[in-house]
Structures are given as C-alpha cells and as structure tokens.
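Participant: Build me a model:
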Amino acid sequence: QVQLQESGPGLVKPSQVLSLTCSVSGDSIATSYHAWSWIRQPPGKGLEWMGAIASDGNTYYSPSLKGRTSISRHTSKNYFSLQLSSVTPEDTDVYYCSSGIMTTPVYWGQGTQVTVSS
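Facilitator: Sure thing, here's the model as predicted:
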C-alpha cells in the first residue's frame, strides 16, 4: 500500500515561496512507474494539477501557473517537494501530493491547508 504524507507551513505571506514536502512509503520515487504529482483545490472549486516528477527525474508543470512551480526530490529519503513562488491570497488552497499516471492520481495524501495572508 502506497502512503503519502504532506508537510509544511500552513501559513505563508504574500510574495513569499510556498514550500511543501511529500513523504512516501510503500513505493520508491526513484524506480516506480508512477509519476509523483502535486494537486491543489481552491475553496469551492475543482482540483488543479500543478505538476509532477517522474522516476527518471524529469519534471512536468501546468502552464497555467506561469513558471512559478518547481518540483524536486530526495531519492535516498524517498520524498519529493513543491515550491510555489510569488504567492498571493489566490494560492490559498488545500494541497495534495499524489502518485499515478501523470495527471490521473491513484494514491493521495490526506492534503494540507495552506493559507496565504499577511
């Protein structure tokens, strides 16, 4: 059973960088055939796929975020991370990490609320 767990600050100030980490157990981010994604859900809206990192280290990002997203990984500790720069209150969302076939998640973390506010 693959398990994912998000962690990071719940409050970020506008213009700063939002940083989250997803710890993975039950699968290897370096060898899995799955990709490892970040997805968010604004209040009252649908899910938005933000980007992913594949087992070969290649990264893929949603163009809607206009280059503000960066996904990296630490293979020996089996976690991957999200950085979202220049945040505004519109980036206040529940953030999920997931594994699956790129934009089609199979396993999900429980999600973490991030609020952007001064």
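Participant: neighbours of residue 74, just the number please.
Facilitator: Close neighbours of residue 74, defined as other Cβ atoms under 10 Å, add up to 13. Where you see a C-beta, it was placed from the backbone N, CA and C, and this is true even at glycine.
Participant: wait, what's in contact with it?
Facilitator: 80, 81 (Cβ atoms under 8 Å, 6 or more residues apart in numbering).
Participant: in the strand or helix carrying residue 107, what counts as buried?
Facilitator: Of the helices and strands defined by DSSP states H and E, residue 107 is found in strand 104-108. Neighbour counts over strand 104-108 (16 or more other Cβ atoms under 10 Å) mark 105, 107, 108 as buried.
Participant: Report the separation between residue 74 and residue 115.
Facilitator: Note on residue 74: its distance to residue 115, by Cβ to Cβ, to the nearest Å, is 26 Å.
Participant: same deal with residue 105?
Facilitator: With Cβ to Cβ as the criterion, residue 105 and residue 115 are 23 Å apart.
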